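>>> can't give you the sequence, but here's the structure:
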């Protein structure tokens, strides 16, 4: 089991963290425009974080008014959430092999996780696993590789290079954690489209974006079974 890894370099309540929260608020609003969140009886947040300091962390739990309907799932120890959010259930495990039955949740929600599960094959497995445990909807967000600023390192344009070169330079710059594919593997719209091509059980696919600094910064994938 991995330790409580921190995937953001932004300081608590910094301008960068507040900007991240505002972007995630846009994501929540986009989701609420697509589906009726009040009608959901069971929701899982795949990738809840143990971090309690940043305002942008666990934003779904902070915004959704029915914590008793939420299962928070993570490979980190975020068991404190059961005390913080009345009625919530916390389960620890890996997102590539979740300990739930098929069709367990009305909504499988996951934000800023897909880029951290490893190679492209793992990312396909991740989407399929989310679909397996979903009864109705899967909503996944991930940073857009083509945004001019890489949102984890705050380094501009470097991530436009081929991934092997990008990772080599990150290592030279002392960003060894983010230089590893298992910790950061950015996606594009085309990557998500390629993944969706093999999802035969999906009835509807919606791919949207939200923007930061005038450029699409995050990709929003909504799948309806």
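Received, thanks. Bear in mind the structure is a predicted one, so any value in this text is a computation, not a measurement.

>>> Quick one: name whatever helix or strand follows the helix or strand of the chain with the lowest mean pLDDT.
For the chain, the helix or strand with the lowest mean confidence is helix 15-34, at a mean of 90 (criterion: mean pLDDT, DSSP states H and E). Following helix 15-34 in sequence order, the next helix or strand is strand 43-46 (DSSP states H and E).

>>> coming back round to it: show me which residues of the least confident helix or strand of the chain are buried.
Going by neighbour count (16 or more other CB atoms under 10 Å), the buried part of helix 15-34 is 16-17, 19-21, 23-24, 26-28, 30-31, 34. In this view, the C-beta of every residue, glycine as well, is placed from N, C-alpha and C.

>>> any residues touching that helix, and which ones?
With contact meaning CB atoms under 8 Å, 6 or more residues apart in numbering, helix 15-34 is reached by 8, 10-11, 37, 54-56, 59-60, 63, 109, 111, 139, 141, 151, 154, 206, 208, 210, 212, 217-218, 220, 222.

>>> pLDDT score for the closest residue to residue 102 other than its chain neighbours?
Leaving aside its sequence neighbours, residue 102 sits nearest to residue 132 (CB to CB, 6 or more residues apart in numbering; 5.6 Å). Predicted confidence (pLDDT) for residue 132: 98.

>>> packing partners for the helix or strand where residue 132 lies?
Element membership of residue 132, judged by DSSP H and E, is helix 120-133. Counting contacts by 3 or more CB pairs under 8 Å, 6 or more residues apart in numbering; DSSP states H and E, helix 120-133 packs against strand 105-111, strand 134-143, helix 189-196.

>>> and that helix with strand 134-143, angle?
Inter-element angle recorded for helix 120-133 and strand 134-143: 150 degrees (by axes from the mean of the first three to the mean of the last three CA atoms, to 10 degrees).

>>> Just the buried residues of helix 120-133, please?
Buried residues in helix 120-133 (16+ other CB under 10 Å): 122, 123, 124, 125, 126, 127, 129, 130, 131, 132, 133.

>>> wait, the third one sits on residue 198?
It stands for residue 124. Yes - checked against CB atoms under 8 Å, the pair residue 124 and residue 198 is within contact range at 7.4 Å.

>>> Neighbours of residue 101, how many?
Residue 101 has 9 neighbouring residues, counting by other CB atoms under 10 Å.

>>> right, and residue 103 touches residue 131 too?
No - counting by CB under 8 Å, residue 131 is not a contact partner of residue 103; they are 9.9 Å apart.

>>> The residue sitting furthest away from the middle of the chain and residue 116, how far apart?
Within the chain, the residue lying farthest from the chain centre (CA atoms, centre = their mean) is residue 172, at 27.3 Å. Distance of residue 172 to residue 116, given as CB to CB, to the nearest Å: 22 Å.

>>> picking up where we left off before, using JSON lines, lay out the buried residues of helix 15-34 together with distance to residue 48.
Shown next, in JSON lines, are the buried residues of helix 15-34 (distance: CB to CB, whole Å):
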{"residue": "16", "distance to residue 48": "21"}
{"residue": "17", "distance to residue 48": "17"}
{"residue": "19", "distance to residue 48": "21"}
{"residue": "20", "distance to residue 48": "16"}
{"residue": "21", "distance to residue 48": "16"}
{"residue": "23", "distance to residue 48": "18"}
{"residue": "24", "distance to residue 48": "13"}
{"residue": "26", "distance to residue 48": "20"}
{"residue": "27", "distance to residue 48": "15"}
{"residue": "28", "distance to residue 48": "15"}
{"residue": "30", "distance to residue 48": "20"}
{"residue": "31", "distance to residue 48": "16"}
{"residue": "34", "distance to residue 48": "22"}
